[in-house]
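Enquirer: Pasting the sequence and the predicted model now:
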Amino acid sequence: MEQYDLIIIGGGPAGITAGIYASRKKLKTLLITKEFLGQVGLSSKIENYPGFPKINGKDLLKNFYHHLIQNEIEIKNYEEVVKIEELNNKFRVKTKDSKFESLAIILATGAAPKKLAIKNEKKFLGKGLSYCLICDAKAFEGKKVAVIGGGNSGVQSSIELLRFASEIYLLEYLENLTCDEILKEEIYRQPKIKVITGAEVLRFEGNKELKKIVFKERKTKEIKELEIDGCFVEIGTKPNTELMKGLVNLNEKGEIIVNPKTMATSKKGIFAAGDVCDFSYKQIVLATGQGALAALSSYSYLKSLKN
């Protein structure tokens, strides 16, 4: 069985950055990922990553990836980790086809889109309902589309849909949008976008395809219907931490609790970085910084084992 100093699990900004830093420290490193994507790969427009005033997520990730492969690091792409075991001061990582061992691990598994958990959500997934604007926006060209979620991702998605949809409705549960002020100003300048706040979405309706959103006005308790051709759900993310339960400490949201000075988890030898961690803000620039810190801390930890 192949032995490594460090195994990194995840191929988003945090995992890639950790890989670059680990390689520069001459650690024998393996990076395992289902795909080089992460939440950033689903972003249609990024305007707050230094050095790139405007770039889409896939292109930014391509730049990250090309930087990574210039370094000495082993990569297992399109492999899914199914189990992590602790044994005799080392760790065994199992994928569906292989087993690997290391002295340290960095968990950079990211997060996945949150679901609404309402009636007919599963029924219409891929039939008018989507969690990925960059994947599916073009399918709604000239159509009436709703976006659920008034945070940054929901508002950015609504603005991006201006290039495709004929009408856009943005529904937010709270009485006010929670996005950045600059985005709030921009969306209220768009005549094609109607913002509906204080809206509790109850269910989706339609025959074979999604055709209607039923929601309740929270102030008046009035039940209303919105006829649409498609809907994007943008209500945030949940951490991919199913594998980590019982291995490291998680908070009430399922995020990995880390020491912010080192990115160390509750388990000695395991570090974490990116959207999977218990940080309030989920930003690409923060994920890359955390990935670097996790790699440097892993190096210090591995060095301490030899002393």
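Expert: On my side now, so go ahead.

Enquirer: Could you look up the next helix or strand downstream of the helix or strand Glu225 falls within?
Expert: Here Glu225 is covered by strand 223-227, with elements defined by DSSP states H and E. Of the helices and strands lying after strand 223-227 in sequence (DSSP H and E), the nearest is strand 230-233.

Enquirer: immediately after that next one, which helix or strand?
Expert: Taking DSSP H and E, what comes next after strand 230-233 is strand 237-239.

Enquirer: Which residues does that following strand contact?
Expert: For strand 237-239, contacts defined as CB atoms under 8 Å, 6 or more residues apart in numbering pick out 39, 109-114, 253-256, 275-277, 282. All C-beta atoms are positioned from the backbone trio N, CA, C, and that covers glycine.

Enquirer: now swap in stretch 165-183 and tell me
Expert: Residues contacting stretch 165-183 (CB under 8 Å, 6+ apart): 140-152, 154-156, 158-159, 161-162, 184, 187, 190, 192-201, 213, 215, 218-219, 226, 228.

Enquirer: The same query, at a cut-off of 7 Å, please.
Expert: Stretch 165-183 is contacted by residues 140, 142-152, 154-156, 158, 161, 184, 187, 192-201, 215, 226, 228 when judged by CB atoms under 7 Å, 6 or more residues apart in numbering.

Enquirer: picking that back up, please identify the buried residues of the strand holding Glu225?
Expert: Within strand 223-227, the residues scored as buried using 16 or more other CB atoms under 10 Å are Leu226.

Enquirer: Pull the distance from that strand to the chain's centre.
Expert: 30 Å (CA atoms, centre = their mean, to the nearest Å).

Enquirer: for that strand, packing partners?
Expert: Contact here means 3 or more CB pairs under 7 Å, 6 or more residues apart in numbering; DSSP states H and E; on that basis strand 223-227 packs against strand 210-217.

Enquirer: So for the strand it packs on, what gets flagged as buried?
Expert: Leu210, Lys211, Lys212, Ile213, Val214, Phe215.

Enquirer: Also stretch 118-129?
Expert: Ile118, Glu121, Phe124, Gly128, Leu129.

Enquirer: Same check on stretch 23-36?
Expert: Ser23, Lys25, Leu27, Lys28, Thr29, Leu30, Leu31, Ile32, Thr33, Lys34, Phe36.

Enquirer: hmm, who's touching that stretch?
Expert: By CB under 7 Å, 6+ apart, the list of residues contacting stretch 23-36 reads 4-11, 15, 19, 22, 61, 65, 71-81, 93, 95, 100, 299, 302.

Enquirer: repeat for stretch 151-160
Expert: Stretch 151-160 is contacted by residues 44-45, 133, 137, 147-148, 168, 170, 177-180, 183, 186-187, 190, 193, 232, 234, 236 when judged by CB under 7 Å, 6+ apart.

Enquirer: Could you do stretch 99-110 as well?
Expert: Taking CB under 7 Å, 6+ apart as the rule, stretch 99-110 contacts 1-10, 12, 14-15, 18, 30, 38-39, 84, 90-93, 240, 244, 256, 269-276, 291, 294-295, 298, 301-302, 305.

Enquirer: Show me how far the helix or strand bottoming out on mean pLDDT in the chain is from its chain's centre.
Expert: With mean pLDDT, DSSP states H and E as the measure, the helix or strand of the chain carrying the lowest mean pLDDT is helix 133-136 (a mean of 80). Distance of helix 133-136 from the chain centroid (CA atoms, centre = their mean) equals 15 Å.

Enquirer: Same check on stretch 194-210?
Expert: For stretch 194-210, the separation from the chain centroid amounts to 24 Å (computed by CA atoms, centre = their mean).

Enquirer: Quick check: Leu250 vs Phe140, distance?
Expert: 37 Å (CB to CB, to the nearest Å).

Enquirer: pretty sure Glu160 is in a helix, no?
Expert: Yes. Counting by DSSP: H, G, I helix; E, B strand; the rest coil, one finds Glu160 located in a helix.

Enquirer: ok, how many other residues are close to it?
Expert: Residues near Glu160, counting by other CB atoms under 10 Å, number 20.

Enquirer: Next one, pLDDT for it please.
Expert: At Glu160, the pLDDT value in this model is 92.

Enquirer: Equivalent analysis for Asp97, please.
Expert: pLDDT, Asp97: 89.

Enquirer: rewinding a little: and the contacts of stretch 165-183, which of them are in helices?
Expert: Residues of these located in helices (DSSP state H): Asn152, Gly154, Val155, Gln156, Ser158, Lys184, Ile187.

Enquirer: Name the member of these with the most neighbours.
Expert: Neighbour-wise, the ones in helices among the contacts of stretch 165-183 (other CB under 10 Å) top out at Ser158, 30 neighbours.

Enquirer: What distance do you get for it to Ile187?
Expert: The gap separating Ser158 from Ile187 is 6 Å, by CB to CB.
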